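Engineer: Sequence first, then the predicted structure, then my questions.
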Amino acid sequence: MFRNLTRMASSIKSAGCLIIGDEVLNGKILDTNSFEFAKYCFKELSIPVKKTIVCGDDQDDIIRSLKTLTDENCDFIVTSGGIGSTHDDITYDALAAAFKVPCTLDKETVQRMQSIRGLYLAGLKKEELNAFYRMATLPQPSGDTKVLKLFIDDSLWVPIVGLNDKVFVLPGVPQLFKRLLIGLGESVKPRCVSQEYTRFFVKTRRGELSIAPFLGEIQKRCDASFNKKVKIGSYPHFDWKIVTVSIIGDKSVPELDLRKVVDEVRKNVEGEEITAAEEDHLTTCSPPHV
């Protein structure tokens, strides 16, 4: 099904994210990796994330979800989770089945495990060691399918596994996911066709409902004037009792024209312009307690 996933299209214009784990679906853990991935793609790679999917620890579900992302023409797909040592960690097996390649113990990964965690591994029982080695049992290249291993840090044995330069497997542990994502991002950045944007933000104390008619009307005018290359969005920050309006324009839109849109928004929502850093602060922080 995935054997000929596009190696011919080496450029990256959009991304997709597959979060794998029953524990996410049943609410035992909060997924933050899709948020980190979207933020990294937007800020560091300048490419949009087309779709994020959460699926369970089920091979058929994983394969179906991956196919959905490829059908959406996502050029850069990252999976998160399902690569641990227990029976329900089946991401490697599922991807091997999807690409019709073998999934076997990888000698290079085992060597790194022994080099970095040798003392710990020496104290394990045989059954425990075999379970640990599940994390080194990886899809292998076969036929037209290319499989790479990317080790980004001498202190880590866990690799980023990539299939056909398009699907990349990352761990679900947030600290590791973020650390490996940065290394992966640096390796794929030369392939990214950045979609550069000019961004402005306006904050207002008015509610979304009261400004919705104006925002809808100005978006229609922008669609007509700029060929849908300007997007207006509103985002409530309930804790702050503030709504921010984003005005994002493709680099092809003259900044002077975009500034006129910003000024009109600011005037009509009775707001004030803020920086991207201030918008991030409103998004990620809570107001101080009085």
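Structural biologist: Structure's in. What do you need?

Engineer: Could you pull out the helices in the stretch 101-250 of the chain for me?
Structural biologist: 107-122, 126-133, 174-188, 208-226 (DSSP state H, counting those that start in this stretch).

Engineer: In contact with the residue nearest the centre of the chain, which residues?
Structural biologist: Geometric centre of the chain, nearest residue: Phe37, 2.7 Å, by C-alpha atoms, centre = their mean. Contacts for Phe37 (C-beta atoms under 8 Å, 6 or more residues apart in numbering) come out as 15, 17, 49, 52, 78, 80, 181. (C-beta placed from N, C-alpha, C; glycine too.)

Engineer: Also Ser10?
Structural biologist: Ser10 neighbours (C-beta under 8 Å, 6+ apart): 165, 191.

Engineer: confidence score at it?
Structural biologist: Predicted confidence (pLDDT) for Ser10: 81.

Engineer: Quick check: which element contains it?
Structural biologist: Assigned by DSSP states H and E, Ser10 belongs to no helix or strand.

Engineer: Now do it against Ala98, distance only.
Structural biologist: Going from Ser10 to Ala98 by C-beta to C-beta, to the nearest Å gives 21 Å.

Engineer: ok, now Ala131?
Structural biologist: 24 Å.

Engineer: So which of the two has more stuff around it?
Structural biologist: Taking other C-beta atoms under 10 Å, Ala131 and Ala98 do not tie; Ala98 has more neighbours (23 against 16).

Engineer: Out of the helices of the stretch 101-250 of the chain, flag the one nearest Asp257.
Structural biologist: In terms of C-beta to C-beta, the element of the helices of the stretch 101-250 of the chain nearest to Asp257 is helix 208-226, at 7.5 Å.

Engineer: List the contacts of that closest one.
Structural biologist: Against helix 208-226 from outside (C-beta under 8 Å, 6+ apart): 204, 228, 230-232, 234, 236, 243, 245, 249-250, 253, 257, 261, 264-265, 268-269.

Engineer: Do you know the pLDDT at the residue nearest to the centre of the chain?
Structural biologist: 98.

Engineer: what do you get for Pro288?
Structural biologist: Confidence score, pLDDT, at Pro288: 83.

Engineer: Relative to Asp239, how far out is it?
Structural biologist: 11 Å.

Engineer: Let me see the ranges of the strands in the chain.
Structural biologist: 15-20, 49-55, 76-80, 103-105, 137-139, 147-150, 160-163, 167-170, 197-204, 230-237, 242-250, 272-274 (DSSP state E).
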